[in-house]
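> Pasting a predicted model and its sequence here:
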Amino acid sequence: MLETMSAISGSFNTELINSIQEGKKFRIVGDNINFNIGVTNERKSTGKAGHMEHWFGSAAIVQNVSFNDCSDTIPQCNLEQLPAEQFIMHDNDWKVITSDMCILVSRVLTDFFPWLNFAKSAVSNEIQGGTPLKMKLKNTVIPLQIQHKNEQKYADVVDILDTYQDLGETLYQGSGLQVPQIHIGGDQLTRERFSGAKRLRAAALTASERFENLSPITFELFHVQMTVLATFFDILYKADCTEPFTLYSQKVRLLRKHAEGKDVKNHYDSCRDLAVSFIRAYIVEATCQYFDLKNTDTAPENLPDHKNMTNNEIKHWMTTFVQPLV
């Protein structure tokens with residue numbers, strides 16, 4: 001087993017070295033891994049009936065896009081002179097957002113209204129934006145060792161950064177290259193811990209001990225979806241509100257007992273599924289009311305002759321059809 005583990009771990013380093021030799025850079029991200037240990041899983045008495053373990057997991061993400069043309073020291077513009085209009089939504093921005101929302105609503109309607117089946121393929125294509133092709137490609141993610149360290153302790157965080165520094169030196173020196181700046185990060189708490197641990201080593205004797213190669217330290221958007229979902233439940237989830245079609249009443253009606261809206265963090269999957277079902281149901285109900293339809297099988301008048309239409313024409317008709325709902 002140990003030989004197998006060594007062989008597998010070595011393959012990860014090889015994959016990173018190959019990426020470096022191809023001229024690609026990588027960044028390292030990490031976060032705590034928390035799990036409960038019950039009595040039946042304990043090998044010896046710890047003085048507690050059960051306890052929570054805090055380990056630390058990391059991964060190297062190989063970047064598909066290079067920003068070598070951007071300076072590391074000079075900003076692209078003077079932020080003090082940046083006009084406020086750059087941050088304000090313009091009419092064209094709202095048109096793009098509205099168009100994208102029409103596509104998303106159309107996808108829901110084609111799932112529930114049989115007479116819209118002809119439009120399913122037309123609105124299922126990827127929503128096109130201004131994102132470069134390279135940024136749409138999936139990044140190679142290489143898992144690193146899980147460490148029995150807790151980011152809540154600065155001594156452990158220093159040890160974690162030591163492994164990152166050693167990894168960078170091993171990889172780049174193994175490729176015959178000088179160790180560059182290595183981008184690291186995590187969620188906002190991890191970023192703060194990394195920055196604090198680096199400050200603790202600021203007076204060390206060598207560049208490696210000062211973690212000079214570990215820069216910049218940024219936060220990752222790990223928890224954006226959870227934050228959005230938690231905000232959604234904070235606004236709409238009221239346990240004392242049982243009126244029909246409220247979020248709590250739908251939870252009871254659909255028997256989603258694990259969708260605990262007051263603790264989204266620990267019930268994320270169940271809360272997400274309830275929110276998706278709730279939003280889709282509202283879209284269907286709003287469509288029936290707006291077009292005065294008795295049920296999803298009732299088709300409105302003046303449907304187009306889709307047999308003689310192209311996909312682009314069907315897509316245009318569909319977005320126009322649902323725009324009043326959006």
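Right, received. Where do you want to start? Residues are numbered from 1 along each chain as shown.
> Return the set of buried residues in stretch 149-165.
Residues 149-151, 156-158, 160-161, 163-165 are the ones in stretch 149-165 that count as buried (16 or more other CB atoms under 10 Å). All C-beta atoms are positioned from the backbone trio N, CA, C, and that covers glycine.
> Which ones among those residues lie within helices?
156-158, 160-161, 163-165 (DSSP state H).
> closest to F321 among those?
Comparing these against F321 with CB to CB places Y164 closest, at 52.9 Å.
> Can you name the residues that contact the residue nearest to K198 when sequence neighbours are not counted?
Distances taken as CB to CB, 6 or more residues apart in numbering place F211 nearest to K198, at 5.0 Å, with adjacent residues excluded. By CB atoms under 8 Å, 6 or more residues apart in numbering, the contact list for F211 reads 161, 164-165, 197-198, 201.
> picking up where we left off before, and the buried residues of stretch 149-165, which is closest to Q178?
Lowest distance from Q178 to those (CB to CB) belongs to Q165, with 14.3 Å.
> can you tell me how far the spatially most central residue of the chain sits from R191?
With distances taken as CA atoms, centre = their mean, F222 lies nearest the centre of the chain, 5.1 Å away. Separation of F222 from R191 (CB to CB, to the nearest Å) stands at 11 Å.
> can you map out the strands along this protein?
26-37, 51-62, 140-143, 182-186, 214-219 (DSSP state E).
> just checking, what packs against the first one?
Contacting strand 26-37 under the criterion 3 or more CB pairs under 8 Å, 6 or more residues apart in numbering; DSSP states H and E are the following elements: helix 2-21, strand 51-62, helix 154-174, strand 182-186, helix 188-200.
> Most tightly packed of these?
Of the helices and strands packed on strand 26-37, the one with the most neighbours on average (mean count of other CB atoms under 10 Å) is strand 182-186, at a mean of 22.
> Need the mean per-residue confidence for that one.
When pLDDT is averaged over strand 182-186, the result is 92.
> Sheet partners, orientation included, of it?
Paired with strand 182-186 in the same sheet, following DSSP bridges, are strand 26-37 (parallel), strand 214-219 (parallel).
> Buried ones in the last one, by neighbour count?
Put plainly, it is strand 214-219. By 16+ other CB under 10 Å, the buried positions in strand 214-219 come out as 214, 217, 219.
> try the first one
Of the residues in strand 26-37, 26-32 count as buried by neighbour count, 16+ other CB under 10 Å.
> Redo the residues you listed as CSV? Include pLDDT and distance to V228.
Output for the buried residues of strand 26-37, formatted as CSV (pLDDT from 0 to 100; distance: CB to CB, whole Å):
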residue, pLDDT, distance to V228
F26, 91, 28
R27, 92, 24
I28, 94, 26
V29, 93, 20
G30, 92, 23
D31, 91, 19
N32, 89, 22
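> of all these, which comes closest to Q250?
Set against Q250, the nearest of the buried residues of strand 26-37 by CB to CB is D31 (32.4 Å).
> how much space between that closest one and E285?
Per CB to CB, D31 is found 39 Å from E285.
> Kindly report the same for G57.
From G57 to E285 the distance is 42 Å (CB to CB).
> ok, the closest residue to F222 other than its chain neighbours - how many residues close by?
Spatially, and ignoring its direct neighbours in sequence, F222 is nearest to D187 (4.8 Å; CB to CB, 6+ apart). Other residues near D187 come to 18 when the count uses other CB atoms under 10 Å.
> for F118, same thing?
F118, neighbours per other CB under 10 Å, totals 16.
> so what's the nearest residue to it once chain neighbours are set aside up against?
Nearest residue to F118 in three dimensions, chain neighbours excluded: H306, at 4.4 Å (CB to CB, 6+ apart). Neighbour list for H306: 118-119, 314 [criterion: CB under 8 Å, 6+ apart].
> Just the endpoints, please. Distance across stretch 109-119?
For stretch 109-119, the first-to-last residue distance is 10 Å (CA to CA, to the nearest Å).
> Return the item of the buried residues of strand 214-219 having minimum pLDDT.
For the buried residues of strand 214-219, the pLDDT minimum is F219, 87.
> Let's see the pLDDT reported for the closest residue in space to that one that isn't next to it in sequence.
Sequence neighbours aside, R191 is the residue nearest to F219 in space, at 4.1 Å (criterion: CB to CB, 6+ apart). Per-residue confidence (pLDDT) for R191: 92.
> so how far is V228 from R191?
20 Å.
> Could you do S277 as well?
S277 sits 17 Å away from V228, going by CB to CB.
> Of these two, which one has the most company?
Neighbours per residue (other CB under 10 Å) separate S277 from V228, with S277 holding more: 15 against 10.
> quick one, what contacts the more buried one?
Applying CB under 8 Å, 6+ apart to S277 gives the contacts 250, 254.
> Show the pLDDT at it.
Reading off the model, S277 has pLDDT 92.
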